[in-house]
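In: next come a sequence and a model predicted from it.
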Amino acid sequence: MKRIIRIVAIVAALICSASVYADDVTTVYIRTQSGDVGIALSELTEVTFPADGQMSVVTKNGTETYSTSNGLISLRFDQNYSGIDAVQAKELSGLQLKGRTLYSTENGIEVYSLDGVLRAKGKSNVLDVSELVRGVYVARSGSQTSKIVLR
């Protein structure tokens, strides 16, 4: 029953993926339990469903067979697949710990223990925290706040 539901879901995804125009589609996107695969349409020759729960993808470089029993989750057609769409953008913090030295993009660094007690403070953009015991701390400099782990 689970295989039938997955097959129906894959076919429904193929039929219902009309959110983009066919001319805009550049990639076939295959999601499996072991990772994601993006195949450019220019490399794709054929996609078939030869047996229950299986999908065969033929490209210019060869044939791959995906199976629901081996982790096939979904298939969709997409625009501009980069292969890294699961990565979310994250701004780099202005605070960086290298060894036992804390660096900031702004002057003035404060380090607090998790119970809110000020443990170290410096007026410049570099602070030596080698005096602190191992543990988790919260560092603050200007508008930047970051969790640091001293080992």
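Out: Everything's here; your move. Residues are numbered from 1 along each chain as shown.
In: switch to C-alpha atoms for all contacts and neighbour counts from now on
Out: Fine.
In: just give the nearest non-adjacent residue to residue 60, would you?
Out: Nearest non-adjacent residue to residue 60, counting by C-alpha to C-alpha, 6 or more residues apart in numbering: residue 43, 5.5 Å away.
In: so that neighbour touches residue 57, yeah?
Out: No. With contact defined as C-alpha atoms under 8 Å, residue 43 does not count as touching residue 57 (10.6 Å).
In: in terms of neighbours, single out the busier of the two.
Out: The neighbour count for residue 43 versus residue 57, taken as other C-alpha atoms under 10 Å, is higher for residue 57 (18 against 14).
In: now that one: which helix or strand?
Out: Residue 57 belongs to strand 54-59 when assigned by DSSP states H and E.
In: so which bits of the helix or strand just after that strand are buried?
Out: Scanning forward in sequence from strand 54-59 by DSSP H and E, the next helix or strand is strand 62-67. Across strand 62-67, burial judged by 16 or more other C-alpha atoms under 10 Å covers 66-67.
In: same check, this time on stretch 33-53
Out: For stretch 33-53, by 16+ other C-alpha under 10 Å, it's 36, 38-41, 44, 53.
In: related to what we said a few turns ago, how about the residue nearest to residue 60, what does it touch?
Out: Listed by C-alpha atoms under 8 Å, 6 or more residues apart in numbering, the contact partners of residue 43 are 59-61.
In: highest neighbour count among these?
Out: Highest neighbour count within these, by other C-alpha under 10 Å: residue 59, with 17 neighbours.
In: could you check how far the residue nearest to it when sequence neighbours are not counted is from residue 130?
Out: Computed as C-alpha to C-alpha, 6+ apart, the closest residue to residue 59 that is not its neighbour in sequence is residue 44, at 4.4 Å. Distance of residue 44 to residue 130, computed by C-alpha to C-alpha, to the nearest Å: 56 Å.
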